[in-house]
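Undergrad: Okay, here's the prediction I keep looking at, along with the sequence it came from:
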Amino acid sequence: MKVAYDVYAETNPAFCAAALVEFTKAYVSNRPEGPEMPVAYLALPVALSVELAGTFAKTNSKTGLLEWLERSPQIQLGLAERVNASLEIVTDAIRFGCYTRVLAIGEGARLRVGNMKLKQSTFAAVGDEPGQSIRRAARLGHWFSIAGSTRSVFNLIGLTV
């Protein structure tokens with residue numbers, strides 16, 4: 001039996017908004033002001049990437065962005081292209097998240113968790129690999145919040161704002 005990998009299912013606005021909610025929740029757990037919107041455009045394509053999934057092995061929320069990058073420098077290869085190719089996907093996810101009120105945009109274009117909550121049973125229903133993507137988004141939320149400003153995150157990862 002051959003299992004098909006459904007890229008569309010993992011790039012639809014509802015799934016991506018759920019990943020951004022988990023990213024934002026993790027970020028806010030360390031920095032209550034929430035992430036500036038540009039980091040979502042970096043976090044989501046990295047979290048959804050099947051090619052980069054292995055770089056998250058043997059990491060946890062305390063690993064940190066710098067250590068993760070030092071362990072896996074290949075993350076930076078083609079990253080600008082990956083981010084540019086996903087701009088519309090991330091924008092649609094933010095719009096969908098705001099429309100459904102699971103996300104909100106606060107002062108200073110910072111993402112906030114909206115007043116509508118996602119049920120945890122939603123994550124159980126998505127399957128293993130999509131669930132891993134959501135967990136990677138949360139891990140990036142922790143790492144980005146600890147790394148400092150948006151500029152610091154982009155500088156560490158080798159991109160400019």
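TA: Received it, and whenever you're ready, just let me know what you need. Numbering: from 1, shown residues only.
Undergrad: Could you count how many residues lie near Arg82?
TA: Using other CB atoms under 10 Å, Arg82 has 17 neighbouring residues. Every C-beta, even on glycine, is put in place using the N, C-alpha and C of the backbone.
Undergrad: Next, work out how far apart it and Glu33 are.
TA: Distance, Arg82 to Glu33, using CB to CB, to the nearest Å: 27 Å.
Undergrad: just Ala47 next, same as before
TA: For Ala47, the distance to Glu33 - CB to CB - is 21 Å.
Undergrad: and those two? which has more neighbours close in?
TA: Applying other CB under 10 Å to Ala47 and Glu33 shows that Ala47 carries more neighbours, namely 25 against 13.
Undergrad: and Arg112, backbone torsions?
TA: Note on Arg112: its backbone torsions stand at phi -130, psi 150 [degrees, to the nearest 10].
Undergrad: The residue nearest to Ala53 when sequence neighbours are not counted: helix or strand, and which one exactly?
TA: On the basis of CB to CB, 6 or more residues apart in numbering, the spatially nearest residue to Ala53 that is not a chain neighbour turns out to be Gln132, at 6.5 Å. Gln132 is part of helix 128-147 when elements are defined by DSSP states H and E.
Undergrad: Of all the residues in the following helix or strand past that helix, which ones are buried?
TA: Going down the chain from helix 128-147, the next helix or strand is helix 150-157, by DSSP H and E. For helix 150-157, a neighbour-count test (16 or more other CB atoms under 10 Å) marks Thr150, Val153, Phe154, Leu156, Ile157 as buried.
Undergrad: now do stretch 110-123
TA: Arg110, Leu111, Arg112, Val113, Gly114, Leu118.
Undergrad: Just the CA atoms of that stretch, as CSV, please.
TA: In CSV, the C-alpha atoms belonging to stretch 110-123 read as follows (Å, rounded to 0.1, in the frame of the first residue of the first chain):
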residue,chain,number,x,y,z
ARG,A,110,1.9,41.6,17.0
LEU,A,111,0.1,38.3,16.8
ARG,A,112,-2.1,37.4,19.7
VAL,A,113,-4.1,34.3,20.5
GLY,A,114,-7.7,35.1,19.7
ASN,A,115,-10.7,34.7,21.9
MET,A,116,-11.9,31.5,20.1
LYS,A,117,-10.0,28.5,21.4
LEU,A,118,-9.0,25.5,19.3
LYS,A,119,-10.1,22.2,20.8
GLN,A,120,-7.2,19.8,21.6
SER,A,121,-9.1,17.0,19.9
THR,A,122,-8.5,19.0,16.6
PHE,A,123,-4.8,18.2,16.8
